[in-house]
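Peer 1: here is a sequence with its predicted model. Questions after.
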Amino acid sequence: MGFPGTWMTTSESMVYRVVPKCACSTIGQIMYYADNGEYFDGDIHDATGGMHKWAFEQSQPVITANVQAHKSYAFTCVRNPYTRILSSFFDKICGIQRNGRRYRGNLVPLLIQKYGIEVGGDDGKGEFDQIASFRRFLLFTRDTIRWRKPMDPDIHWSAMSGHVSTFIVNGGRYDKIFWTESFNDGMQSVLDATENANEVKLKSVPRFNESEGHGPKRLHPVEDYFDDLSMHLVKEIYHRDFDLFKYDFDNPANKMPIGEIDLDEVHAKLGE
């Protein structure tokens with residue numbers, strides 16, 4: 001199994017377990033800058049050098065040796081499950097991707113046919129009932145996660161705890177898990193705890209939100225998308241995320257955490 005989704009600076013100053021839709025583009029660029037003194041020109045997910053990634057065969061033994069010996073500061077970042085699944089819908093389902101096509105080819109036509117989802121036409125710019133379509137997408141999400149039908153769950157909407165756990169199960173240990181909602185505080189604590197060749201000033205880091213502008217603009221407050229049934233589905237899918245990362249299940253309007261993350265609890269519950 002190894003350490004899928006793990007990135008590491010070439011200097012081995014820090015190790016990061018990627019969690020999709022949780023500021024991963026920005027974190028990757030900060031890691032790249034810390035080693036190279038410049039940002040990667042393009043989407044950091046496309047970078048094939050300048051940092052170690054588990055996806056590169058030559059990086060795998062280096063990452064494995066580092067993580068299993070806990071040689072470097074290891075961290076990850078999480079996000080409110082309500083806003084994360086909404087973001088996945090608008091970016092991946094309604095949006096046109098950076099290659100100019102729909103995400104995963106035939107996925108959107110399948111959703112239109114099987115679940116009655118609308119996405120705003122061929123270019124994603126048309127008007128449609130965002131709330132109704134999102135709630136149907138939630139049914140699809142639940143089906144992929146619970147029954148792996150009509151397809152396996154996608155990394156962008158599978159539970160954060162699942163991503164976080166692979167690192168622990170295979171012998172890694174986190175030094176820090178912070179929230180996207182207080183990104184600068186969390187990322188600063190990582191930078192303070194590590195020695196890097198180039199100083200990163202978080203206030204001057206550009207925004208690397210690759211999903212921005214891909215899809216239609218969200219027209220309603222977060223809480224309007226979640227009725228009782230939607231909240232029930234969200235709880236079924238993401239109950240461990242709310243529990244471990246201390247988000248407020250009862251109030252979709254509150255994106256901020258309501259407690260402190262207990263690293264020992266995370267390692268105990270996700271290391272089983």
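Peer 2: Okay, I see it.

Peer 1: what's the mean pLDDT across stretch 122-130?
Peer 2: For stretch 122-130, mean pLDDT is 85.

Peer 1: just the CA atoms of it, as PDB, please.
Peer 2: Extracted in PDB, the C-alpha atoms of stretch 122-130 (Å, rounded to 0.1, in the frame of the first residue of the first chain):
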ATOM      1  CA  ASP A 122     -22.400  22.200 -22.100                       C
ATOM      2  CA  ASP A 123     -20.300  25.100 -20.800                       C
ATOM      3  CA  GLY A 124     -21.600  25.100 -17.200                       C
ATOM      4  CA  LYS A 125     -22.900  28.700 -17.500                       C
ATOM      5  CA  GLY A 126     -26.600  28.100 -18.000                       C
ATOM      6  CA  GLU A 127     -29.100  28.500 -15.200                       C
ATOM      7  CA  PHE A 128     -30.300  25.500 -13.300                       C
ATOM      8  CA  ASP A 129     -31.700  24.500  -9.900                       C
ATOM      9  CA  GLN A 130     -28.500  24.200  -8.000                       C
END
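
Peer 1: please identify the buried residues of it?
Peer 2: The neighbour-count criterion (16 or more other CB atoms under 10 Å) identifies 124, 130 as the buried residues of stretch 122-130. (C-beta placed from N, C-alpha, C; glycine too.)

Peer 1: starting at the chain centroid, how far to that stretch?
Peer 2: Distance of stretch 122-130 from its chain centroid, counting by CA atoms, centre = their mean, to the nearest Å, is 24 Å.

Peer 1: list of residues touching that stretch?
Peer 2: For stretch 122-130, contacts defined as CB atoms under 8 Å, 6 or more residues apart in numbering pick out 94-96, 118-121, 214-216, 218-220, 225.

Peer 1: take these and lay them out in TSV including secondary structure, neighbour count and distance to T9.
Peer 2: Putting the contacts of stretch 122-130 into TSV (DSSP: H, G, I helix; E, B strand; the rest coil; neighbours: other CB atoms under 10 Å; distance: CB to CB, whole Å) gives the following:
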residue	secondary structure	neighbour count	distance to T9
C94	coil	26	34
G95	coil	21	30
I96	strand	18	32
E118	coil	16	43
V119	coil	25	38
G120	coil	18	39
G121	coil	12	42
H214	coil	17	28
G215	coil	22	32
P216	coil	18	36
R218	coil	17	34
L219	coil	10	40
H220	coil	11	40
Y225	helix	22	37
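
Peer 1: out of those residues, who's nearest Q58?
Peer 2: Nearest to Q58 among those is H214, at 31.5 Å by CB to CB.

Peer 1: what about the strands in the stretch 151-272 of the chain?
Peer 2: 176-179 (DSSP state E, counting those that start in this stretch).

Peer 1: which residue, other than its chain neighbours, is closest to H163?
Peer 2: Leaving out its chain neighbours, the residue that sits closest to H163 by CB to CB, 6 or more residues apart in numbering is V19, at 4.7 Å.

Peer 1: hmm, the one you found is touching G28, no?
Peer 2: No: with contacts counted by CB atoms under 8 Å, V19 stays clear of G28, the gap being 11.9 Å.

Peer 1: out of the two, which sits in the more crowded spot?
Peer 2: Higher neighbour count among V19 and G28: V19, with 26 against 22, using other CB atoms under 10 Å.

Peer 1: OK, contacts around the more buried one?
Peer 2: Applying CB under 8 Å, 6+ apart to V19 gives the contacts 5, 76-79, 160, 163-164.

Peer 1: you'd agree it is in a helix?
Peer 2: No: using DSSP: H, G, I helix; E, B strand; the rest coil, the secondary structure at V19 is coil, not a helix.

Peer 1: for it, phi and psi?
Peer 2: The phi/psi pair for V19 (degrees, to the nearest 10) reads phi -120, psi 110.

Peer 1: hmm, back to that, out of the contacts of V19, list just those in helices.
Peer 2: The helices, defined by DSSP state H, take in 160, 163-164 from these.

Peer 1: where does pLDDT dip in this structure?
Peer 2: Applying pLDDT under 70 to the chain picks out residues 209-214.
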